[in-house]
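K.L.:
Next come a sequence and a model predicted from it.
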Amino acid sequence: MPTPSWYDDEAGPVVRPYALTGGRTHYDGADLFDLVALIVTRDDTAPDEGDSAPGAHPARWAPDPEHEMILALCRAPLSVVEIASELELPLGVVRVLLGDLLDRSLIEVRRPAPVARFPGERVLKEVIDGIRAL
Amino acid sequence: MESVRSDRDPQQADSALTVKILVAGGFGVGKTTLVSAVSEIRPLRTEESLTEKSVGIDDTSAVSQKTTTTVAMDFGRITLPNGLVLFVFGTPGQDRFWFMWDELAKGALGAVVLVDTRRLADCFPSVDYFERRGVPFIVGVNRFDGAGAHTPEQVRDALDLSPEIPVIECDVRDRESAKHVLIALVEHIMRTMSNGRQPATH
């Protein structure tokens, strides 16, 4: 088997992560899922009574375990990049999974405030004070 | 199927006030160490696949090669006392992972380019990238044991940096020093802004 030169041990393991997404590599709204956008599981769709059957979800959709893991992780807001890290999945895969959840209104996306585009002096001072206080 | 998303998102923007800072530099220069020194959590690692963005396979004839490799990327999160969330991302060190940089740089407040004076050239691509992108950055000269005693001024000359870009010495293993680097960056950004982004005249 020929080995393409662009990967090696340093590049990490070779995987087929898109098997998880049924081969889908893209979600149309993927721009929504900025690295630091926060994802929150919607309250009304994640009842706390817990281990009831997955049939509790609307529509006839059978979520994968990874979908369930995301919903569990995001009871408290969590960034896209942290979700990827927790699940040990590539960002691209996580975005497809998030798209599934968003399409079914199971999550909300809190996009990062445009701090970086127009950082006010006040915000920058707060960042400095915050770092100093660490 | 009905779609009930968006619309109300903008109102929630305040609750997601996040700031992103990048740490760049050559392999082994201390990016991960800097991220670890300031992060409240163990540095998380995430991965990005190469299939779609970089390799550019666009038809099924290449299916047999559709393996995917991953890029490890370190990042840390710091919740500041005022509720701001600061993310510090270490950029992937290998040239072939440049495609990740665009995503990282999007919306970033600024960047720290770490330099090892024994391998100064390793940081050239990072400096070029941020200059080209207009991302504010500073240079941190990481003090390695046994590293030559190059002054910040010598590093500045070697990198041909414009005079307003700070070059500071640091030891990223030390938390206080790492904090100082980040603060120096934010202060630089404040100065850049109050100067109205480069008076290119004269």
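P.N.:
It's in.
K.L.:
Residue B:191 - how many residues pack around it?
P.N.:
Residue B:191 sits with 12 neighbouring residues when counted by other CB atoms under 10 Å in any protein chain shown. Glycine gets a C-beta too; all of them are placed from N, C-alpha and C.
K.L.:
List the contacts of it.
P.N.:
Residues near residue B:191 by CB atoms under 8 Å, 6 or more residues apart in numbering or on different chains: residue B:164.
K.L.:
Which helix or strand contains it?
P.N.:
Residue B:191 belongs to helix B:175-194 when elements are defined using DSSP states H and E.
K.L.:
Flag every buried residue along that helix.
P.N.:
Neighbour counts over helix B:175-194 (16 or more other CB atoms under 10 Å in any protein chain shown) mark B:177-190 as buried.
K.L.:
now do stretch A:102-121
P.N.:
Of the residues in stretch A:102-121, A:102-113, A:115-116, A:119 count as buried by neighbour count, 16+ other CB under 10 Å.
K.L.:
tell me the secondary structure for the closest residue to chain B within chain A?
P.N.:
Taking CB to the nearest CB as the measure, the point where chain A comes nearest chain B is residue A:130, at 2.8 Å. Using DSSP: H, G, I helix; E, B strand; the rest coil, the structure places residue A:130 in helix.
K.L.:
From the centroid of the chain, which residue is nearest?
P.N.:
Let's take chain A. Using CA atoms, centre = their mean, the residue of chain A that lies closest to the mean C-alpha position is residue A:80, 3.6 Å off.
K.L.:
looking at chain B here, not the other one
P.N.:
residue B:22 (1.8 Å).
K.L.:
The closest residue to that residue other than its chain neighbours: neighbour count?
P.N.:
Spatial nearest neighbour of residue B:22, chain neighbours left out: residue B:111 (4.1 Å); criterion: CB to CB, 6 or more residues apart in numbering or on different chains. When neighbours are defined as other CB under 10 Å, residue B:111 has 28 of them.
K.L.:
which residues touch the residue of chain A closest to chain B?
P.N.:
B:78, B:80, B:81, B:82, B:84, B:86.
K.L.:
Apply 6 Å and report the result again.
P.N.:
B:80, B:81, B:82, B:84 (CB atoms under 6 Å, 6 or more residues apart in numbering or on different chains).
K.L.:
Can you say which of the residues you listed are buried?
P.N.:
Buried by 16+ other CB under 10 Å: B:80, B:84, out of the contacts of residue A:130.
K.L.:
Does residue B:112 lie in a helix or a strand, and which?
P.N.:
Counting by DSSP H and E, the secondary-structure element that holds residue B:112 is strand B:110-115.
K.L.:
Average pLDDT for that strand, rounded please.
P.N.:
For strand B:110-115, mean pLDDT is 95.
K.L.:
now that strand, how far from the centre of its chain.
P.N.:
In terms of CA atoms, centre = their mean, to the nearest Å, the gap separating the centre of strand B:110-115 from the centre of its chain is 6 Å.
K.L.:
helices or strands next to it in the packing?
P.N.:
Taking 3 or more CB pairs under 6 Å, 6 or more residues apart in numbering or on different chains; DSSP states H and E as the contact definition, the neighbouring helices and strands of strand B:110-115 are strand B:18-25, helix B:124-133, strand B:137-142, helix B:175-194.
K.L.:
ok, back up a step: could you verify my assumption that the residue nearest to the centre of chain A touches residue A:36?
P.N.:
No. Using CB atoms under 6 Å, residue A:80 is not in contact with residue A:36; the gap is 7.0 Å.
K.L.:
Return the distance of residue B:190 relative to residue B:82.
P.N.:
Between residue B:190 and residue B:82 the computed distance is 17 Å (CB to CB, to the nearest Å).
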